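Undergrad: Here is the input, now give the coordinates:
(one chain, ligands or ions: 1)
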Amino acid sequence: MPLSSEHQAEIDDQRSHPTPTLRATAPGMEKHLYTAQPVLDHGFVRVIDYMGDDAAICQAARVSYGRGTKSVQNDEGLIRYLMRHWHSTPFEMCEVKLHVKLPVFVARQWIRHRTANVNEYSARYSILDREFYIPAPDDLAAQSVVNNQGRGAALTGEEAQRVLRYLQDDAMRCYDHYEEMISQDGQQGLARELARMNLPANIYTQWYWKVDLHNLFHFLRLRADAHAQYEIRVYADAICAMVKDWVPAAYGAFEDYRLGGATLSGRALECIKKMLAGEEVTQETSGMSKGEWREFQGVIG
Ligand SMILES: Cc1cc2nc3c(=O)[nH]c(=O)nc-3n(C[C@H](O)[C@H](O)[C@H](O)COP(=O)(O)OP(=O)(O)OC[C@H]3O[C@@H](n4cnc5c(N)ncnc54)[C@H](O)[C@@H]3O)c2cc1C
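TA: This is a model prediction of the structure:
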């Protein structure tokens, strides 16, 4: 259960006091404001604030005095043009601020995206909750035999039970010792900033994360991808659903050109031209390495 009833009451309270504004609002995003979208066993993503909409992207691109909107079709065409030609600054005019609760090992991957503003829950100041990510049985996967940076089929039987037991027992034992060390009951109590080093990387942390739409798309392109680790991908997928509601035209262009599209090398393009001309091309004649050829085959099907 990612939210306590107290937290839910705070969210309900925030949502029950709408204020009029002259700013652009996106109806699709208004429905997400403050609500928590559950992710993993104790995590969530929730929208705290946002700025801009599809029209704001066009407004910036046209450096217009008004809303910058011509017609929906016209705007969509412009947004697709901007995305296609990597004219990225108009997308930077939209921003979103998220509250994310995530395991520390996911946060380590996430924080590599430097083009965002972050403020994390302070475990020097506050006591961390007893909440650990324990994978669902289907996600308790074996090491992949074809990709060192990946996973294979789910563990089964006694091995799966033993792994789950280790994860749960170790987390609880570490947390018991954490609590014991910081306790001031009959002792001085170790500083929170030191006691936390005993906690495993599957403990949950929280942060506020603010990012503009251009850099968010970059994050989503990398982390909603099949090559990203499942535990960060589910957060990216949840954010994708929100962005789709927030800026449908921009998300549509992103989905088409970035998520669904592919970048081809000069050699790959040459191969396609030869193939279209009816010539047989093999890995040996393509000028590509085996790995490149495999990926190329994956792209062209
Ligand atoms: C599948 C996958 C596997 C990965 N594996 C590893 C791994 O094994 N080890 C590891 O350490 N990392 C790994 N990473 C992290 C990866 O190398 C990047 O650090 C991460 O994806 C952030 O990307 P970014 O730097 O483009 O994003 P951001 O930091 O958001 O930057 C966005 C863009 O801004 C520009 N930029 C930002 N800061 C600078 C700067 N200081 N100098 C120059 N340009 C800058 C760059 O153009 C950059 O692309 C992995 C990522 C993925 C998706």
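
Undergrad: ok, residue 131 to residue 42 distance?
TA: Distance from residue 131 to residue 42, counting by C-beta to C-beta, to the nearest Å: 4 Å. (Each C-beta comes from the backbone N, C-alpha and C, glycine too.)

Undergrad: Spell out which residues sit in contact with whichever residue of the stretch 201-301 of the chain sits closest to the ligand, please.
TA: Using C-beta to the nearest ligand atom, residue 222 is the residue of the stretch 201-301 of the chain that sits closest to the ligand, at 3.9 Å. By C-beta atoms under 8 Å, 6 or more residues apart in numbering, the contact set of residue 222 is residue 228.

Undergrad: What's the first helix or strand after the strand or helix carrying it?
TA: If you go by DSSP states H and E, residue 222 is part of helix 213-223. Next in sequence after helix 213-223, counting helices and strands by DSSP H and E, comes helix 230-246.

Undergrad: Tell me which helix or strand comes right after that next one.
TA: Downstream of helix 230-246, the next assigned helix or strand under DSSP H and E is helix 248-254.

Undergrad: That following helix - what's its average pLDDT?
TA: Across helix 248-254, the average pLDDT comes to 98.

Undergrad: Quick one: distance of the following helix or strand past that helix to the chain centre.
TA: Toward the C-terminus, helix 248-254 is succeeded by helix 266-276 as the next helix or strand (DSSP H and E). Here the centre of helix 266-276 is set off from its chain's centre by 34 Å, with C-alpha atoms, centre = their mean, to the nearest Å.

Undergrad: still on that earlier bit, shared neighbours, residue 131 and residue 42?
TA: Jointly contacting residue 131 and residue 42 under the rule C-beta under 8 Å, 6+ apart are residue 204.

Undergrad: Could you count how many residues lie near residue 186?
TA: By the measure other C-beta atoms under 10 Å, the count of residues near residue 186 is 6.

Undergrad: ok, now how distant is the spatially most distant residue from the centre of the chain from the ligand?
TA: The centre of the chain is farthest from one residue, residue 186, which by C-alpha atoms, centre = their mean lies 44.0 Å away. Distance of residue 186 to the ligand, given as C-beta to the nearest ligand atom, to the nearest Å: 44 Å.

Undergrad: Kindly state the pLDDT recorded for that residue?
TA: With respect to pLDDT, residue 186 scores 95.

Undergrad: and what of residue 36?
TA: Residue 36 carries a pLDDT value of 96.

Undergrad: where exactly do the helices run in the stretch 51-200 of the chain?
TA: 54-62, 72-84, 104-110, 157-182, 192-195 (DSSP state H, counting those that start in this stretch).

Undergrad: looking at these, which is buried most?
TA: Most buried of these by mean neighbour count (mean count of other C-beta atoms under 10 Å) is helix 54-62; its value is a mean of 22.

Undergrad: which other helices and strands contact that one?
TA: Contacts defined by 3 or more C-beta pairs under 8 Å, 6 or more residues apart in numbering; DSSP states H and E place helix 54-62 against helix 72-84, helix 248-254.

Undergrad: Identify whichever of those helices lies nearest to residue 266.
TA: Among the helices and strands packed on helix 54-62, helix 72-84 comes nearest to residue 266, with 19.1 Å by C-beta to C-beta.

Undergrad: Direction-wise, compare that closest one with helix 213-223 and give the angle.
TA: Helix 72-84 and helix 213-223 are oriented at 60 degrees to each other (axes from the mean of the first three to the mean of the last three C-alpha atoms, to 10 degrees).

Undergrad: so how far is helix 72-84 off the chain centroid?
TA: Going by C-alpha atoms, centre = their mean, the spacing between the C-alpha centre of helix 72-84 and its chain's C-alpha centre is 25 Å.

Undergrad: who touches that helix?
TA: 54-55, 57-58, 61-62, 69, 87-88, 90-91, 249-250, 252-254, 256-258.

Undergrad: ok so, going back, so can I have a markdown table of the helices and strands packed on helix 54-62 showing distance to residue 154?
TA: Putting those into a markdown table (distance: least, C-beta to C-beta, whole Å) gives the following:
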| stretch | distance to residue 154 |
| --- | --- |
| helix 72-84 | 37 |
| helix 248-254 | 32 |
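
Undergrad: Mind checking the ones you listed for the one nearest to residue 180?
TA: Closest approach to residue 180 among the helices and strands packed on helix 54-62 is made by helix 248-254 (48.2 Å; C-beta to C-beta).

Undergrad: among the helices of the stretch 51-200 of the chain, which is nearest the ligand?
TA: With C-beta to the nearest ligand atom, the closest approach to the ligand among the helices of the stretch 51-200 of the chain belongs to helix 104-110: 6.9 Å.
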